[in-house]
Structures are given as C-alpha cells and as structure tokens.
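[1] can you look at this prediction? I've put the sequence above it.
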Amino acid sequence: MVRRVLAGMVAIGAAVLAGSSAGFAQQPEADPGVKVQLNDDTAYELGLVNKYVHGDSNVALAQCPGDGLKAPKSTTFASPVLSIGKYDYGPLIGVPANISAEVTLKEGTAPGSYPLTVNCNGKSYTATFSVPARQVGAVPAGAAHAGDGSMAS
C-alpha cells in the first residue's frame, strides 16, 4: 500500500515537473539590457530621469544590443509629443546607453505623462516620461522682489 502511494506521488511529481518545464519553454525570453529613458541624472542634479526639462536640452537614451558597443543604425525613437533629431549610435560615458537623440517638446503639448519608444532589433520598448507645467519665466512688472525692500512698511 505504501509503495503504491509513494509510486503515485512520484508519478504526480514527475507530471508536474514536466508540465512546468514545458510552461517555462513557452514563455518569451526578456531581452537583457534593453532600456529606454528620457534624460539621465547627473552628479549635481538628480530627478531628471524620465522628466522633460523646459528650457534645457533633453536627450532620449537607450541601450540596444548591436555591433560591439554601438547600437544598430536601424534603432529609432518615437513619441507623439517629441520631435527627435541628431542621433548618436555610440556608447556614452557614465550613462548605460549606446544610442541617444536630441529631443524637443512639440508646441502645444499639455503637462502630463507620455510614451517614449525605442525600436531596437525589430522590437519596441517603451518608457513613460512626464512633462511638468511651465513655470513663470519672468517676474511681472511691478511685482515685489525678495530683498529689495519693496515689502517694507
């Protein structure tokens, strides 16, 4: 009786393992190292990753396996709210990327979250970046200025 139970348990265990390995074989493999983002943090400024910076240069970045350290020339970026230009297909110092492109925000883009996609080796990878509201760039005429004494009574 014990032998039958033990043999049944072994048979069930073998079937479960066989089913599991078949399930693992059917799952698509992730592409290691493929990454896409807008901007990168610097040594003196953090919080830049995936945030559009008004009034500054912005860069789309990706790590796409290719020829040695370079991304394939077929690699491209896309976004509904960014104009993309001036690609560089080489590694960057201090940034885990081998393709970059200068980007500018399209006129009339509202604050919010938007996709940035890289097409790498025939597959698309997407990150979400945010566009903050624009801040007032100039102080209105006649406004009080801190430290100028205009608020003294």
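    The structure has been received and is ready for your questions.
[2] please make it C-alpha for all contacts and neighbour counts, starting now.
    Will do.
[3] how close does E102 get to T75?
    Separation of E102 from T75 (C-alpha to C-alpha, to the nearest Å): 14 Å.
[4] now swap in D67 and tell me
    For D67, the distance to T75 - C-alpha to C-alpha - is 12 Å.
[5] so between the two, which is more surrounded?
    T75 (20 against 10; other C-alpha atoms under 10 Å).
[6] so what pairs up with the nearest residue to that one once chain neighbours are set aside in the strands?
    The shortest distance from T75 to any residue other than its chain neighbours is 5.1 Å, reached at C120 (C-alpha to C-alpha, 6 or more residues apart in numbering). Beta-bridge partners recorded for C120 (DSSP bridges): K123.
[7] how about the contacts made by C120?
    64-65, 72, 74-76 (C-alpha atoms under 8 Å, 6 or more residues apart in numbering).
[8] got any ranges where this protein has weak pLDDT?
    1-33, 136-140, 142-153 (pLDDT under 70).
[9] which residues of it fall in strands?
    Applying DSSP state E to the chain gives strands spanning 35-38, 58-63, 76-78, 82-88, 99-105, 112-120, 123-131.
[10] out of those strands, which gets nearest to L46?
    Of all those, it is strand 35-38 that lies closest to L46, at 13.2 Å by C-alpha to C-alpha.
[11] which residues touch the closest one?
    Contact with strand 35-38 is made by 49-52, 58-64, 97, 116-118, 125-129, as judged by C-alpha under 8 Å, 6+ apart.
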